[in-house]
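Asks: All I have is the shape, not the residue letters:
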DNA sequence: CAAACAACTGGAAGCGCTTCCATTCTTGAT
DNA sequence: ATCAAGAATGGAAGCGCTTCCAGTTGTTTG
């Protein structure tokens, strides 16, 4: 690999000048610029990013820390981030935290130590306080899928409450009154918010919240199935079930089938997130769209604007969910199950 | 951040000594080691990986280049790699090539320039020749999901031919004779291999290959659906369809439903890869397991063994597919459709 | 035409670490 | 006690680049 020395020698100018054209500095004459460019081309020079980073403590790369690397949610998000950064000539350095606090912190240190110019965090084990503390460090960062009031500007998140509300309202409008709910783990912010929205719709319709129709899942498929078993064991009637994500909804569909409940004629099911596989299901799952790609893109735009000083970028922090009507939700057949 | 200078000063030893304990060199007395460790602890010293990498042209990190970041296939793979590396104290730097040749090459350069100690490549746009050329460079690498004879040692791949064979054989054993096949793009190695296996099973059973029952898809859902439409337009009978991946199989299931064909009673469907969503489908999809996680793990072990000189690692390059029987394939009901 | 200023260029220090080389200190064998 | 061989240490150069500072050149104005 050619170094800057060789370029400088071949071009017949100083190191500094080469560095200047490399960094697009002002105060470089066209003449030397041309000479340098020519030399670079001839030597097929590629600047060494490591040396650059050491000397400048910049890196043109953004660290991305996610809790997991698999699953539809993270895949879409990473994909969207990588693309947006690449288009801006920046690079993503991706690492995983495995939803474990220590592991997340290690990942964070790794990224910071690598001189990442900024970070994109999708973490759930670290506490709000840790994150707030982190914001006093010099590496700027944004947080996805989480709303911490103290650093709201850095947070990009869905209006989960509204999502929960929309799902329930949709069911209610179709005549459902006995609506079961399978939530995510209530230790997670998004879970509680979605549940709150669900309850709001219930209250609005003057439907009491029935604890026997509530099941706390863990966002994984099996817990959707377990939820249905639970409701059936409880011997409570229900004509619809709202699930806090699509995985659990798919589990619920299976749980229903296990018990010879036909979807949607016997029971409607609605999911949340609009993962890509919802369209593969039969019946196709009605759900709430979670514009995760847009959020991810926006978070990189925040970085482009605030870290790389790019202009003309409108930033918004809150994203709105939308009802996606498909096949798994239908009008309640009154009189049958009531 | 404390630097090595401060540690050296506080410990009362030279830079070199600090560096030696940092790198676990021999020829360091217990005494100085203790002093240095204490100083490091007191200063909360974290070595600067960038400086390290510049001085040593190593980095303790492995570059991972995948064609896409989303989808079940890549997610599982990345997840598995990251975990294996993390357990070995190494780091993954992940980037995407977007199945575009130029983009892949850029990603490659990015990783090489960052002094990655080794690379894991899952690329499809770059040619075999490019990869063979690359093998003459100093950065070692492994290739996933591709078999290039000239550098076989570095390749980790599935016996796709056997997979195709197993799927077809399963159908044949259940009495199917009119078997449609929806392949992946024939420009891809795995597609043609799977098809070859399929044909072998046909030949073995003396079933002629019917071109009207062949459709070239693109590994995406929609093309599975299109495949079914195509067969129906061709007015050819079929009692089963083998698909070259699960996405297309899910599309085929939908295509069948669109045409009031019941799965599996009217028509059996088998997929390939055993993606996680196959269990969500109804009926659950019978498929061929692709041990992608094991392959990914093995590829990192190759690196641990050959680059980091770790002992006791058995390496194998070829992985075997396995039939996963679920609900979408049943015995042919002879006499009905024949 | 000189003075004042801006544009341009080169020199050199420094980013934080590794590593080669030379030097000093220990051993154990004699 | 002596001496070689090896272990332990320190010094210093260097990895490839950025950036500050000072110096040079060119341009403009009174």
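Replies: Looks like it came in fine. Note that the structure is a prediction, hence the values are computed from the model and not measured. Numbering: from 1, shown residues only, chains lettered A, B, ... in the order given.
Asks: contacts and neighbour counts: CA atoms only from here.
Replies: Fine.
Asks: Now do the same for residue A:198: helix, strand or coil?
Replies: On the three-state scheme (DSSP: H, G, I helix; E, B strand; the rest coil), residue A:198 is labelled helix.
Asks: I'd say it and residue A:164 touch.
Replies: Yes. Applying Cα atoms under 8 Å as the test, residue A:198 and residue A:164 come out as touching, 4.6 Å apart.
Asks: of those two, who's got more company?
Replies: residue A:164 (29 against 26; other Cα atoms under 10 Å in any protein chain shown).
Asks: Please work out how many residues are found near the nearest residue to residue A:226 once chain neighbours are set aside.
Replies: Nearest non-adjacent residue to residue A:226, counting by Cα to Cα, 6 or more residues apart in numbering or on different chains: residue A:255, 7.1 Å away. Residue A:255: 22 surrounding residues under other Cα under 10 Å.
Asks: now do residue A:47
Replies: For residue A:47, using other Cα under 10 Å, the count is 16.
Asks: what's the answer for residue A:331, then?
Replies: Residue A:331: 18 neighbours (other Cα under 10 Å).
Asks: related to what we said a few turns ago, now the residue nearest to residue A:226: how far from residue A:228?
Replies: Look at residue A:255 and residue A:228: by Cα to Cα, to the nearest Å, they are 6 Å apart.
Asks: And for residue A:175?
Replies: Distance from residue A:175 to residue A:228, by Cα to Cα: 20 Å.
Asks: between the two, which one's more packed in?
Replies: Between residue A:175 and residue A:228, counting by other Cα under 10 Å, residue A:228 is the more crowded of the two (27 against 16).
Asks: Spell out the secondary structure type for the more buried one.
Replies: Relying on three-state DSSP, one would call residue A:228 helix.
Asks: Touching, it and residue A:256? I think so.
Replies: Yes. Counting by Cα under 8 Å, residue A:228 does reach residue A:256; the two are 6.5 Å apart.
Asks: burial of the closest residue to DNA strand C within the stretch 201-338 of chain A, as a residue count?
Replies: Here the residue of the stretch 201-338 of chain A nearest DNA strand C is residue A:307; by Cα to the nearest atom of the strand that distance is 20.7 Å. Counted with other Cα under 10 Å, residues neighbouring residue A:307 total 14.
Asks: Show me the helices in the stretch 1-150 of chain A, by range?
Replies: In the stretch 1-150 of chain A, the helices defined using DSSP state H, counting those that start in this stretch lie at A:4-11, A:15-22, A:30-43, A:49-56, A:72-87, A:101-113, A:128-134.
Asks: would you list the ones you listed in CSV and tack on mean pLDDT and mean neighbour count?
Replies: Shown next, in CSV, are these (pLDDT from 0 to 100; neighbours: other Cα atoms under 10 Å in any protein chain shown):
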stretch, mean pLDDT, mean neighbour count
helix A:4-11, 94, 18
helix A:15-22, 94, 17
helix A:30-43, 94, 16
helix A:49-56, 96, 17
helix A:72-87, 90, 21
helix A:101-113, 93, 18
helix A:128-134, 95, 13
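Asks: between those, which gets nearest to residue A:282?
Replies: Among the helices of the stretch 1-150 of chain A, the nearest to residue A:282 by Cα to Cα is helix A:72-87 (18.3 Å).
Asks: Does anything pack onto that closest one? Which helices or strands?
Replies: strand A:91-96, helix A:292-306 (3 or more Cα pairs under 8 Å, 6 or more residues apart in numbering or on different chains; DSSP states H and E).
Asks: residues of the last one that come out buried?
Replies: Spelled out, it's helix A:292-306. For helix A:292-306, a neighbour-count test (16 or more other Cα atoms under 10 Å in any protein chain shown) marks A:292-305 as buried.
Asks: ditto for the first one
Replies: For strand A:91-96, a neighbour-count test (16+ other Cα under 10 Å) marks A:91-96 as buried.
Asks: ok now that strand, how far from the chain's centre?
Replies: Here the centre of strand A:91-96 is set off from its chain's centre by 14 Å, with Cα atoms, centre = their mean, to the nearest Å.
Asks: Next, the angle helix B:72-87 makes with it.
Replies: If you take axes from the mean of the first three to the mean of the last three Cα atoms, to 10 degrees, strand A:91-96 sits at 80 degrees to helix B:72-87.
Asks: Among the buried residues of strand A:91-96, which one sits closest to residue A:47?
Replies: Distances from residue A:47 to the buried residues of strand A:91-96, taken by Cα to Cα, are shortest for residue A:91, at 15.2 Å.
Asks: Enumerate the residues of chain A near chain B.
Replies: A:48-51, A:53-54, A:68-72, A:74-76, A:78-79, A:82, A:92-96, A:113-115, A:250-251, A:254, A:277, A:280-282 (Cα under 8 Å from any Cα of the partner chain).
Asks: filter the residues you listed down to the ones close to DNA strand C.
Replies: A:51, A:54 (Cα under 7 Å from any atom of the strand).
Asks: now the helices for the stretch 151-300 of chain A?
Replies: Under DSSP H, counting those that start in this stretch, the stretch 151-300 of chain A gives helices at A:160-173, A:189-204, A:221-233, A:246-258, A:292-306.
Asks: Of the ones you listed, flag the one that's most buried.
Replies: helix A:246-258 (a mean of 26; mean count of other Cα atoms under 10 Å in any protein chain shown).
Asks: Counting by contacts, list what that helix packs against.
Replies: helix A:221-233, strand A:268-270.
Asks: Rebuild these as CSV, extending it with distance to residue B:188.
Replies: Formatted as CSV, those follow (distance: least, Cα to Cα, whole Å):
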stretch, distance to residue B:188
helix A:221-233, 33
strand A:268-270, 38
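Asks: before we move on, back to that, redo the helices of the stretch 1-150 of chain A as JSON lines? Include distance to residue A:168.
Replies: Shown next, in JSON lines, are the helices of the stretch 1-150 of chain A (distance: least, Cα to Cα, whole Å):
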{"stretch": "helix A:4-11", "distance to residue A:168": "63"}
{"stretch": "helix A:15-22", "distance to residue A:168": "57"}
{"stretch": "helix A:30-43", "distance to residue A:168": "62"}
{"stretch": "helix A:49-56", "distance to residue A:168": "51"}
{"stretch": "helix A:72-87", "distance to residue A:168": "22"}
{"stretch": "helix A:101-113", "distance to residue A:168": "34"}
{"stretch": "helix A:128-134", "distance to residue A:168": "29"}
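Asks: of all those, which lies closest to residue B:132?
Replies: helix A:30-43 (23.2 Å).
Asks: Compare the mean pLDDT across the helices and strands packed on helix A:72-87 and name the weakest.
Replies: Note on the helices and strands packed on helix A:72-87: lowest mean pLDDT is at strand A:91-96, with a mean of 91.
Asks: wait, what's in contact with the residue of the stretch 101-250 of chain A found nearest DNA strand C?
Replies: Per Cα to the nearest atom of the strand, residue A:113 is where the stretch 101-250 of chain A lies closest to DNA strand C, at 9.8 Å. The neighbourhood of residue A:113, defined by Cα atoms under 8 Å, 6 or more residues apart in numbering or on different chains, consists of B:48-50.
Asks: State the distance from it to residue B:95.
Replies: Counting by Cα to Cα - residue A:113 and residue B:95 are separated by 19 Å.
Asks: Spatially, which residue comes closest to whichever residue of the stretch 201-338 of chain A sits closest to chain B, not counting chain neighbours?
Replies: Closest approach between the stretch 201-338 of chain A and chain B, counting by Cα to the nearest Cα: residue A:281, at 5.4 Å. With sequence-adjacent residues excluded and distances taken as Cα to Cα, 6+ apart, residue A:281 is closest to residue B:281, at 5.4 Å.
Asks: Counting neighbours, what do you get for that neighbour?
Replies: Count around residue B:281 with other Cα under 10 Å applied: 22.
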